[in-house]
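attaching a predicted model along with its sequence, questions to come.
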Amino acid sequence: MFVYDPSTNPLNNNDWAFPLLEIIHITGFAFSIGTIAIVDLRLLGMGMRHQSPAQLLKDTTPWTLVGLLVMLMSGPLIFSSDPNMYLNNSSFRFKMGALLIAIIYNYTIHRKVAGSNPAPMLGKLVGGVSLLLWVSVVFAGLFIAFV
Amino acid sequence: MLLAFAQFIQKTAFFTALRGSGYVYPAILSLHMVAIALFGGMILMTDMRLLGLSLRSYPVSEVIDQFRMPKRVGFLLIATCGILMACCKAEEYYYNDWFRLKLALLLLVALHAVIFRRSVYHRAAGLDPGSPLPAGAKLAASISLILWTSIACAGRGIGYIEPPLDKIHAQFFSAPVVAPPATVNAEYLH
């Protein structure tokens, strides 16, 4: 598919580069998914209950963005280590689809609803869907190595 | 003795089944990672609140107290998944240096909790009144950040070592196995 030889990639010629990238990727999603989950759990009635969802959303947004950027920079680098394998991997394809939906959802519906302190039922629905989307992204990411 | 225990654990019917279970093992691993994302995020936010870097419009006590329960539930989930996976490959992990390092770091986390429990985490309300946080709180938060990040690194490292079990076993079984009974008998003679 690609006229590109992964063996020329410095990532594949250093023992530490790949695991280091993975750690950066994991830290990135601890920040991004972690802070999104804090808002989701609040929408579901758990965690920071003394603050409104809108306030929590406002205060975690910068860290979500930092985490997302770290993920979106380390992810493609990891991908570059073996593009054809990833492109042919069903779990990777699922992950990219879920990730795209999750990011769009996060910055449209999720942001709008959480930011307007929704009625409990709507909040639970929106928070639950958000958690489900991000959980499926993580699961699909791990399963790349197992399918 | 520890090695014998590790071998025994992983040979039990339950963990033998889990090891060969196709998608159950990766599902446990994924759950481990999801829990890290969800509750690791809370640890990061709590520590960074203590350092004055995040959630600054919230009193420290709120952040510590309200995240306490979810973090406990999260830790329980992470630990359960981790123990299940470790038992599947207990013998291999016995030789794995990253695994050993991770256990040592977890001990340090426990020590961290014991040391800072009284001075920081259980008197969070005393940290609130507008004044700058005491140095102890920032120290606790910095150490916590370093420890948890190191634990994540060590955890990722585990997958990169595959101790040559075949060679270790071969060495084990090629040693003369005839000798021990003689000494045992000699003891009985006295």
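Yep, that arrived.

residue contacts, the residue of chain A found nearest chain B?
Residue nearest to chain B within chain A (C-beta to the nearest C-beta): A:Gly34, separated by 1.3 Å. Quick note: C-beta positions are derived from backbone N, CA and C, even for glycine. By C-beta atoms under 8 Å, 6 or more residues apart in numbering or on different chains, the contact set of A:Gly34 is A:67, B:37-42, B:44-45.

how confident was the prediction at whatever residue of chain B ends up closest to chain A?
Nearest residue of chain B to chain A: B:Gly41, at 1.3 Å (C-beta to the nearest C-beta). Per-residue confidence at B:Gly41 stands at 90 (pLDDT).

setting aside sequence neighbours, what's the nearest residue to it?
A:Gly34 (1.3 Å; C-beta to C-beta, 6 or more residues apart in numbering or on different chains).

for the spatially closest residue to B:Lys89 that is not a sequence neighbour, phi and psi?
Nearest residue to B:Lys89, sequence neighbours excluded (C-beta to C-beta, 6+ apart): B:Gln10, at 6.5 Å. Per-residue torsions, B:Gln10: phi -70, psi -20 (degrees, to the nearest 10).

host element of the residue of chain A closest to chain B?
In this structure, A:Gly34 is located in helix A:17-43 according to DSSP states H and E.

please name every helix or strand in contact with the following helix or strand past that helix.
Downstream of helix A:17-43, the first helix or strand assigned by DSSP H and E is helix A:53-80. Packing partners of helix A:53-80 (3 or more C-beta pairs under 8 Å, 6 or more residues apart in numbering or on different chains; DSSP states H and E): helix A:17-43, helix A:111-115, helix B:24-50.

A:Met121 is nearest to which of these?
With C-beta to C-beta, the closest approach to A:Met121 among these belongs to helix A:17-43: 10.4 Å.

the closest one: which residues count as buried?
Residues of helix A:17-43 classed as buried: A:19, A:21-43 (neighbour count, 16 or more other C-beta atoms under 10 Å in any protein chain shown).

to the chain's geometric centre, what's the distance from that helix?
Distance of helix A:17-43 from the chain centroid (C-alpha atoms, centre = their mean, to the nearest Å) equals 7 Å.

now the angle from that helix to helix A:53-80?
160 degrees (axes from the mean of the first three to the mean of the last three C-alpha atoms, to 10 degrees).

between helix A:17-43 and helix B:24-50, how many degrees?
70 degrees.

any residues of chain A in contact with chain B? List them.
Residues of chain A found near chain B (C-beta under 8 Å from any C-beta of the partner chain) are A:19, A:22-23, A:26-27, A:29-31, A:33-35, A:37-38, A:41, A:46-51, A:55, A:59-60, A:63, A:134-135, A:138-139, A:141-143, A:145-146.

low-confidence stretches in chain A?
Along chain A, segments meeting pLDDT under 70 span A:1-3.

please redo it, this time with the cut-off set to 90
A:1-18, A:45-51, A:117-120, A:147 (pLDDT under 90).

near chain A, which residues of chain B? Just list them.
B:23, B:26-27, B:29-30, B:33-34, B:36-42, B:44-45, B:54-58, B:62-63, B:66-67, B:70, B:149, B:152-153, B:156-157, B:160.

among these, name the buried ones.
Here, 16+ other C-beta under 10 Å leaves B:26-27, B:29-30, B:33-34, B:36-42, B:44-45, B:54-55, B:58, B:62-63, B:66-67, B:70, B:149, B:152-153, B:156-157 buried among those.

what angle separates the helix or strand hosting B:Arg68 from helix B:24-50?
Assigned by DSSP H and E, B:Arg68 falls within helix B:60-88. Angle of helix B:60-88 versus helix B:24-50, following the same axes, to 10 degrees, is 160 degrees.

buried residues in helix B:60-88?
B:60, B:62-67, B:70-71, B:74, B:77-78, B:81-82, B:84-88.

what helices or strands is that helix leaning on?
Looks like helix B:60-88 contacts helix B:2-11, helix B:13-19, helix B:24-50 (3+ C-beta pairs under 8 Å, 6+ apart).

same thing but at 10 Å, please
helix A:17-43, helix B:2-11, helix B:13-19, helix B:24-50, helix B:90-94, helix B:97-119, helix B:135-158 (3 or more C-beta pairs under 10 Å, 6 or more residues apart in numbering or on different chains; DSSP states H and E).

that concludes my questions; thank you for your assistance.
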